[in-house]
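> Sequence and predicted structure, then a few things I'm wondering about:
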Amino acid sequence: MRKSISVLAPAGQQRSAYALDSIATELVFMVGPAVGVAVATQVGTTAVLAAIGVAVSGAGVLLLVFDPPTRADQVVRATSPSADGTVPPVEPVSPSAHGASPSVKDAAPATGPARRLSWLTPTVAAVLAASAGATIVLVGTDLAILAHLRAHDQVGSLGIVYFAWCLGSVVGGLAYGSRHRATSSMLLLLALGALTIPLGLAHSVLGLTLLAFVAGLPCAPVMTATAEEVARMVPEERRGEAMGWQGTAFTVGSAVGSPVLGLVIDAAAPWVAFVAAGGAGVLIAVVGLVVRRARRAADPQGELRF
């Protein structure tokens, strides 16, 4: 879907489109588990699993029916009707009209193994690391919130805290999507990690709710920025592969973050998990910023490849 957005949305509106996509994704990740647990406890897990199956299958059917384009040459721009009322043949939209930089479009094609990895620059690798880091922070925060409320016998307030967290992400996504200038995904990841750490200071549901709202502000923006950067940095013919690897980075972040931070909660306390999750995001962001600065110093023309 994000690959389709990269060719459907005009260059000046891609950030808004990716922000809307990130807001929808964050709503699912933050509200979905709470709703699923609530329905499972009141109705049963069978109903929940059946609803998930129907929703996923329905989404797949809609995807098949609408069949959104994933390449610029699949998008056409209709010209104005002629005097006799007929519409002249449509013209393909140039890839450069959708945000591809001249350096990417005009680059000489590589061959063999070099071609397969031609899109993987140190900067793109840093974006993939930011994607994994953001997921680690979000998964860790998710687990730590539940553990914190359980430790204080206030699990019933989970929906309230999740709603505040989600609301913060929505507000942040709307604000970032309306901006005309991009912000580095590493800076946004740094903010996400730094604002997550104070959640460990909460001693009440109200305090946790307010801090969760603040911590949620960079959630959708960092997801938006990583998607936007991959679409901008990678040539269209390799963009699907790069976005696939970004999806893998999200999965790796979740697969690593859940068990590690779960062990932290079991061995120490929920507040330690907030610090660990936020600290991991800050560490990855700082390393990424250092890599980007070193890369710009060593390769000012942007030609370096792995």
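Yep, that arrived. Numbers count the residues shown, from 1 in each chain.
> Helices of the stretch 1-150 of the chain, residue ranges please.
2-8, 14-42, 45-66, 102-105, 112-116, 122-151 (DSSP state H, counting those that start in this stretch).
> buried residues in stretch 20-28?
By neighbour count on 16 or more other C-beta atoms under 10 Å, the buried set for stretch 20-28 is 20-23, 25-27. From N, CA and C alone the C-beta is placed, and that goes for glycine too.
> out of those, which one sits closest to Leu263?
Comparing the buried residues of stretch 20-28 against Leu263 with C-beta to C-beta places Glu26 closest, at 25.7 Å.
> Contact partners for that closest one?
The contact partners of Glu26, by C-beta atoms under 8 Å, 6 or more residues apart in numbering, come to 166, 169-170, 173, 219-220, 223.
> Now do the phi/psi pair for the closest residue to Arg2 other than its chain neighbours.
Excluding the flanking residues, the one nearest Arg2 by C-beta to C-beta, 6 or more residues apart in numbering is Ala227, at 5.1 Å. Taking degrees, to the nearest 10, you get phi -60, psi -40 for the backbone angles of Ala227.
> In contact with Ala227, which residues?
With C-beta under 8 Å, 6+ apart, Ala227 has these contacts: 2, 5, 18, 21-22, 243, 246.
> mind redoing it with 10 Å?
1-3, 5-6, 14-15, 17-19, 21-22, 25, 127, 131, 185, 243, 246 (C-beta atoms under 10 Å, 6 or more residues apart in numbering).
> Burial check on Arg239, number of neighbours?
23 (other C-beta atoms under 10 Å).
> Please verify my assumption that it contacts Glu229.
No - using C-beta atoms under 10 Å, Arg239 is not in contact with Glu229; the gap is 11.7 Å.
> Weed out the non-buried ones from the contacts of Ala227.
For the contacts of Ala227, buried by 16+ other C-beta under 10 Å: 2-3, 5-6, 14-15, 17-19, 21-22, 25, 127, 131, 185, 243, 246.
> pLDDT below threshold where in the chain?
29-30, 76-117, 298-306 (pLDDT under 70).
> ok, 80 please
For the chain, the stretches flagged by pLDDT under 80 are 11-12, 25-27, 29-34, 37, 72-119, 295-306.
> what residue is smack in the middle of it?
Geometric centre of the chain, nearest residue: Met223, 2.6 Å, by C-alpha atoms, centre = their mean.
> export the helix or strand hosting it as CSV, just CAs?
Assigned by DSSP states H and E, Met223 falls within helix 219-233. The C-alpha coordinates for helix 219-233 follow below in CSV (Å, rounded to 0.1, in the frame of the first residue of the first chain):
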residue,chain,number,x,y,z
CYS,A,219,4.7,7.8,17.0
ALA,A,220,2.9,8.4,13.6
PRO,A,221,5.5,11.0,12.5
VAL,A,222,8.4,8.6,12.8
MET,A,223,6.5,5.9,10.8
THR,A,224,5.6,8.6,8.2
ALA,A,225,9.2,9.8,8.0
THR,A,226,10.7,6.3,7.5
ALA,A,227,8.2,5.5,4.7
GLU,A,228,8.8,8.8,3.0
GLU,A,229,12.5,8.5,3.2
VAL,A,230,12.5,5.0,1.7
ALA,A,231,10.3,6.2,-1.2
ARG,A,232,12.5,9.2,-1.8
MET,A,233,15.9,7.4,-1.6
